[in-house]
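Asks: What follows is a predicted structure for the sequence shown.
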Amino acid sequence: MKITRQNFSTIYTCFPGGKHKVLTMSYDDGKIYDRRLVALFNKYGIRGTFHINGNGLFGDMGPLPRIPFDEIKELYQGHEVSCHTYTHPTIARCPLSQVVQQVIEDRKALEAACGYPVRGMSYPNGSYSKEIMQMLPACGIEYSRIVGDTDDFAFPENYLAWKATCHHSHNLMENAERFAGLHKTQYLYMMYVWGHSYEFGEDEGEWEKMEKFCEYIGGREDIWYATNIEIVDYMHASENLKFSAAGDMAYNPNAIPVWISVDGAAHAIAPGETLRLKEA
């Protein structure tokens with residue numbers, strides 16, 4: 001009896017452009033130093049997410065002024081505006097009904113400011129609980145960042161407990177150099193940096209360190225520069241690809257293009273397209 005062997009292709013998920021690395025930034029509180037930080041990101045093609053308290057849009061809160069309501073849309077254009085609760089309480093100590101209010105009112109204020117649905121969050125004061133995580137999807141939140149550093153480039157098991165690679169004051173250049181050196185394309189890697197722009201303050205030395213990082217890591221051909229929600233949306237879209245039983249076709253039912261690698265060659269699958277892998 002003759003045994004027929006199947007020729008299987010090796011298919012991998014890729015980031016846009018066939019890339020295997022992604023960099024994202026995450027900054028809280030919407031203080032006026034965001035202006036300088038956004039300008040720095042824009043200079044080097046780096047993109048990120050800014051988690052803002054809705055009540056801060058309507059006046060200066062605390063010792064450092066916040067970005068005013070009418071500046072939000074223009075300042076953060078090309079980046080993401082995300083929730084940080086309306087008044088920044090330590091929410092694990094709050095009744096769940098109040099946490100719901102904090103999230104919903106924050107979303108409403110931010111959406112009025114930026115003009116699109118706000119679907120992400122970072123926990124104020126790093127405070128959260130299992131019950132809060134379970135409640136957030138009903139409030140329209142699809143991810144939320146926690147505090148702490150992994151010093152790693154892996155993806156979170158749960159996007160509602162998303163821990164960053166590092167704070168900008170913790171092994172920033174060391175992690176950037178390791179990240180830049182990653183070359184094994186059979187893996188997907190993510191570097192995620194978090195912090196607060198007011199931590200730089202008027203310290204020119206700290207701003208120089210951040211610019212050194214941006215200059216070093218920006219503009220690389222093998223890195224996708226994305227916001228937090230873009231990563232979540234893209235990974236969900238990639239998981240939603242449909243493959244034939246024979247492994248010779250891939251259908252993209254999503255509204256965005258999704259990239260795959262077939263035996264080392266990168267291909268984009270357009271929305272609604274069925275890609276015949278052998279022909280590709």
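Replies: Great, that's in hand. Residues are numbered from 1 along each chain as shown.

Asks: Direction included, what does the host helix or strand of His267 pair against?
Replies: Using DSSP states H and E, His267 maps to strand 265-269. Looking at strand 265-269 with DSSP bridges, its partner strands are strand 258-262 (antiparallel).

Asks: still on that earlier bit, pull the residues that contact the strand holding His267.
Replies: Applying Cβ atoms under 8 Å, 6 or more residues apart in numbering, the contact partners of strand 265-269 are 14, 16-18, 241, 250-252, 257-261, 275, 277, 280. C-betas here are computed from N, CA, C, even on glycine.

Asks: Would you mind checking these for buried ones?
Replies: Buried by 16 or more other Cβ atoms under 10 Å: 14, 16, 18, 241, 250, 252, 258-261, 275, 277, 280, out of these.

Asks: with these in mind, which one is nearest to Tyr76?
Replies: Among the buried ones among the contacts of strand 265-269, Pro16 lies closest to Tyr76 (Cβ to Cβ), at 20.9 Å.

Asks: Find me the pLDDT at that closest one, would you?
Replies: For Pro16, the pLDDT comes out at 98.

Asks: Might you report the residue contacts of the residue positioned nearest the centre of the chain?
Replies: Residue closest to the average C-alpha location in the chain (Cα atoms, centre = their mean): Asn228, at 1.5 Å. By Cβ under 8 Å, 6+ apart, the contact set of Asn228 is 24, 26, 48-49, 80, 82, 120, 143, 145, 162.

Asks: Quick check: of those residues, which has the highest neighbour count?
Replies: Ser82 (30 neighbours; other Cβ atoms under 10 Å).

Asks: Report the two of the contacts of strand 265-269 separated the most.
Replies: Farthest-apart pair in the contacts of strand 265-269 is Gly17 and Tyr251; separation 20.9 Å (Cβ to Cβ).

Asks: circling back to that earlier point, need the nearest residue in space to the residue nearest to the centre of the chain, chain neighbours excluded.
Replies: Computed as Cβ to Cβ, 6 or more residues apart in numbering, the closest residue to Asn228 that is not its neighbour in sequence is Thr49, at 4.1 Å.

Asks: I'd assumed the one you found was in a strand, is it?
Replies: Yes - assignment of Thr49 by DSSP: H, G, I helix; E, B strand; the rest coil places it within a strand.

Asks: Tell me the spacing between it and Gln77.
Replies: Per Cβ to Cβ, to the nearest Å, Thr49 is found 13 Å from Gln77.

Asks: now swap in Tyr143 and tell me
Replies: Remark: distance between Tyr143 and Gln77 (Cβ to Cβ) = 21 Å.

Asks: Contact partners for the residue nearest to Asn228?
Replies: Thr49 is in contact with 24-27, 79-82, 120, 227-229, counting by Cβ under 8 Å, 6+ apart.

Asks: Next up, phi/psi of the closest residue to Asn240 other than its chain neighbours, please.
Replies: Of all residues not flanking Asn240 in the chain, Asn254 sits nearest, at 5.7 Å (Cβ to Cβ, 6+ apart). Backbone torsions for Asn254, taken as degrees, to the nearest 10, come to phi -80, psi 170.

Asks: What count of nearby residues applies to the closest residue to Gly54 other than its chain neighbours?
Replies: Nearest residue to Gly54, sequence neighbours excluded (Cβ to Cβ, 6+ apart): Ala109, at 3.1 Å. Counted with other Cβ under 10 Å, residues neighbouring Ala109 total 22.

Asks: And the one 5 residues further on, by the same measure?
Replies: Around Cys114 there are 21 other residues, counting by other Cβ under 10 Å.

Asks: now the residue lying closest to it once chain neighbours are set aside, which residues is it bridged with?
Replies: Excluding the flanking residues, the one nearest Cys114 by Cβ to Cβ, 6+ apart is Val81, at 4.4 Å. Beta-bridge partners of Val81, counted by DSSP bridges, are Phe50.
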